[in-house]
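J.: 3D model of this:
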Amino acid sequence: MKKLFLFLILTVTIISFSFNFGAGGSKIVYIPGVQIISPFTDTNFKIDDGVLCFGGEGHGGIFNDFYIGGDGFTGKKDFTVSGTSLTFSFEYGTFDIGRNLINIFDTIVLDAGFGIGTYSIRISRNLLGGDTINDFLTGHSSGVSSMKIDYYIASPYTSLYLHFTDFFALNVKARYIFGYTENGWIYSNGNKVDVDESNYLNTYNLGVSLLFGY
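T.: Below is the predicted model:
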């Protein structure tokens, strides 16, 4: 599922440069700590620090100030839960369609749009153990244990462009995310995690991009 949308985003980003008014570039996305999803509802675990993720986006104009494109990012950060160090990893990808709404002297542009795609969160921890073949055969070897949750998402957004030149712009974007998961949290072996949870996601993130190619 994730590979399909990452391929779609890459394809759309490449296509966008074939339009007369296409742009693409790198981006930084901030996920506030209170918006990070976890299954640790029965603990005192609380996330105060947000996560910085890195990715890219691209789009190309089609007609009447409408455009299509792709947006994606990944990121990770370590947190401590009940004395155990855990790594939270994030993967996001959408296919977007939007429209320029306000254009002030081709310098400040406000637009809005809508994306569909996937959003995944993985939580992993290192397992302490031995490194011999016997440790492996007896189930006492070192390794990594993980769980993840995958969402199908719909994501409205609005963004502000500041054009420094005809071919270079700074983009600030706020994106809200509605999501649905079929399986909830699952372990790496495919077994479902025994935890009470909602199948629905409501969250947001903030992003900044440097775009080239107008």
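
J.: Longest strand in this structure, please.
T.: strand 143-165 (DSSP state E).

J.: other SSEs contacting that strand?
T.: strand 84-104, strand 108-127, strand 168-180, strand 186-187, strand 200-212 (3 or more C-beta pairs under 8 Å, 6 or more residues apart in numbering; DSSP states H and E). C-beta coordinates here come from the backbone N, C-alpha and C atoms, glycine included.

J.: Please list all residues in contact with the one residue sitting closest to the centre of the chain.
T.: Centroid-nearest residue in the chain, with C-alpha atoms, centre = their mean: Tyr92, separated by 2.7 Å. Going by C-beta atoms under 8 Å, 6 or more residues apart in numbering, Tyr92 touches 29, 53, 55, 71-74, 117-120.

J.: So what are the sheet partners of the longest strand of the chain and their directions?
T.: Sheet neighbours of strand 143-165, with direction, are listed as strand 108-127 (antiparallel), strand 168-180 (antiparallel), strand 186-187 (antiparallel) (DSSP bridges).

J.: still on that earlier bit, need the helices and strands packed on strand 143-165 in JSON lines with mean pLDDT and distance to Val34, can you?
T.: Formatted as JSON lines, those follow (pLDDT from 0 to 100; distance: least, C-beta to C-beta, whole Å):
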{"stretch": "strand 84-104", "mean pLDDT": "88", "distance to Val34": "14"}
{"stretch": "strand 108-127", "mean pLDDT": "90", "distance to Val34": "15"}
{"stretch": "strand 168-180", "mean pLDDT": "92", "distance to Val34": "14"}
{"stretch": "strand 186-187", "mean pLDDT": "89", "distance to Val34": "24"}
{"stretch": "strand 200-212", "mean pLDDT": "90", "distance to Val34": "9"}
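
J.: now those in TSV, with distance to Thr41?
T.: Shown next, in TSV, are the helices and strands packed on strand 143-165 (distance: least, C-beta to C-beta, whole Å):
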stretch	distance to Thr41
strand 84-104	15
strand 108-127	13
strand 168-180	18
strand 186-187	17
strand 200-212	15
